[in-house]
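Visitor: requesting a structural model of the entry that follows:
(chains A and B)
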Amino acid sequence: MELAMPIFACVIVLFGLIRRVPVFDIFMVGAREGIRTLYNIAPTIIGLMFAVSLLKSSGAVDVICSAISPIAQRLGFPPEIVPMAMLRPVSGSGATALLLSVFEDCGTDSFAGRVASVLAGSSETTFYATAMYFGSVHIKNTRHTLPAALAADFTALVMSVVTVRLFFY
Amino acid sequence: MLNYIWSAIVLLSVVCSIFLGKGENLSAAIVDSGAQTVQLLLTLAGVITLWSGIMKIAEESGLTAIFAKIFSPLLRPLFPNLDKESDAFGSITMNITANLLGLGNTATPLGLKAMHELNELNGSSDTASDEMIVFVVMNTASLQLLPTMLGSLRQTYGSNAPFEILVPVWLSSACALSVALMIAVGLNKRKRRL
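Guide: Numbers count the residues shown, from 1 in each chain, chains lettered A, B, ... in the order given. Predicted coordinates for the structure are as follows:
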């Protein structure tokens, strides 16, 4: 599994060489796009990380967690990832910020860290994508799009706990 | 929506810190968080820039197009009323392929193009067509085969095995996507029968 990234990169570069495209020139074009993406998400991440660190240092997180954790624990759900699960459908960079705060507090290879990772990898920013795609063609009645998409987010949430338990414990 | 969430978090934190007597911690956090986040963004900058560059090679060399050809038959049954040769179906296939490969920058414009073409087939109505619903639902589920950013973040934060979560991610995504598609396609069919 740990070779996934290097092999993936290698195959792509090799394929580019076989097709005789100017591999490094194209790499730079793509890299420039990547920098622009980062430039666009940077203010969101800085703003949300600021909010998250306020929430943690003020003790508000402890208050919230102690309120939620009895229910969460009964469901076998790590209480630390509740904030992230709630923000996930709304903001992608916000969820990333909260994912990193779980990594910082619990460690990447802890139960909470693993569940948060799987959740981050298996869900998307539902409201943002829906608003963007339907907004672009002026659709007002989205019919059953949101129920179906939110059901997917909920499934991802349940399955992230189930699969982590299944694979690691 | 983020306007409210963000304001609520800031206000709640200040109120909490006053009641819990943690004003000093809060001041420290305000000063530190900016600097820490910039450090994090630098790590992200490396990952995002590198993979955007590599994935651009996949796109330009035609590797993405090959993948699209492979996935196209799998997508057919989801869009039964769409002509296989139509521009709309072509854009949908390319968008889904780009998502699978983690090409966020490429997927979005292709998706907007697909919506535009579906909109024309739908007679520019303000009600979503069956195809639009299935397509948007697929875009709200995570389809990425190799979550490079997630893996890199896990590595940065000291994971011993950044990609140990790969199979659980696939399983969880597959379940989420199946549920969403069952609901979307199921409700599309119900409407047609009425």
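Visitor: by contact count, what packs against the top helix by length along chain B?
Guide: Among the segments of chain B that qualify as a helix by DSSP state H, the longest is helix B:23-60. In this structure, helix B:23-60 makes packing contacts with helix A:4-18, helix A:23-57, helix B:2-20, helix B:104-121, helix B:148-156, judged by 3 or more C-beta pairs under 8 Å, 6 or more residues apart in numbering or on different chains; DSSP states H and E. (Each C-beta comes from the backbone N, C-alpha and C, glycine too.)
Visitor: contact partners for residue 133?
Guide: You didn't say which chain, so I picked chain A. Residues near A:Tyr133 by C-beta atoms under 8 Å, 6 or more residues apart in numbering or on different chains: B:111-112, B:115, B:132, B:135-136, B:139.
Visitor: um, chain B though
Guide: Under the criterion of C-beta under 8 Å, 6+ apart, the neighbours of B:Ile133 are A:142-145, A:148, B:184, B:188.
Visitor: find the helix or strand that it is a member of.
Guide: Under the assignment given by DSSP states H and E, the secondary-structure element containing B:Ile133 is helix B:130-140.
Visitor: picking up where we left off before, list only buried entries from the contacts of B:Ile133.
Guide: A:142-145, A:148, B:184, B:188 (16 or more other C-beta atoms under 10 Å in any protein chain shown).
Visitor: filter the residues you listed down to just the ones in strands.
Guide: Nothing among those maps onto strands, per DSSP state E.
Visitor: in helices, which of those appear?
Guide: Assigned to helices by DSSP H, the following of those qualify: A:145, A:148, B:184, B:188.
Visitor: assign the residue nearest in space to the middle of chain A to helix, strand or coil.
Guide: Geometric centre of chain A, nearest residue: A:Ala120, 3.3 Å, by C-alpha atoms, centre = their mean. When the structure is reduced to helix, strand and coil (DSSP: H, G, I helix; E, B strand; the rest coil), A:Ala120 reads as helix.
Visitor: that one and chain B, how far apart?
Guide: As for A:Ala120, its distance to chain B is 6 Å (criterion: C-beta to the nearest C-beta, to the nearest Å).
Visitor: surely that residue touches A:Leu99?
Guide: Yes - A:Ala120 sits in contact with A:Leu99 when judged by C-beta atoms under 8 Å, with a separation of 5.0 Å.
Visitor: quick check: neighbours shared by the two?
Guide: What both A:Ala120 and A:Leu99 touch, as defined by C-beta under 8 Å, 6+ apart, is the set A:Met84.
Visitor: and the spatially most distant residue from the centre of chain B, what's its pLDDT?
Guide: Relative to the centre of chain B, the most outlying C-alpha is that of B:Gly21, 40.5 Å out, by C-alpha atoms, centre = their mean. Model confidence at B:Gly21, given as pLDDT, is 83.
Visitor: alright, that wraps it up for me.
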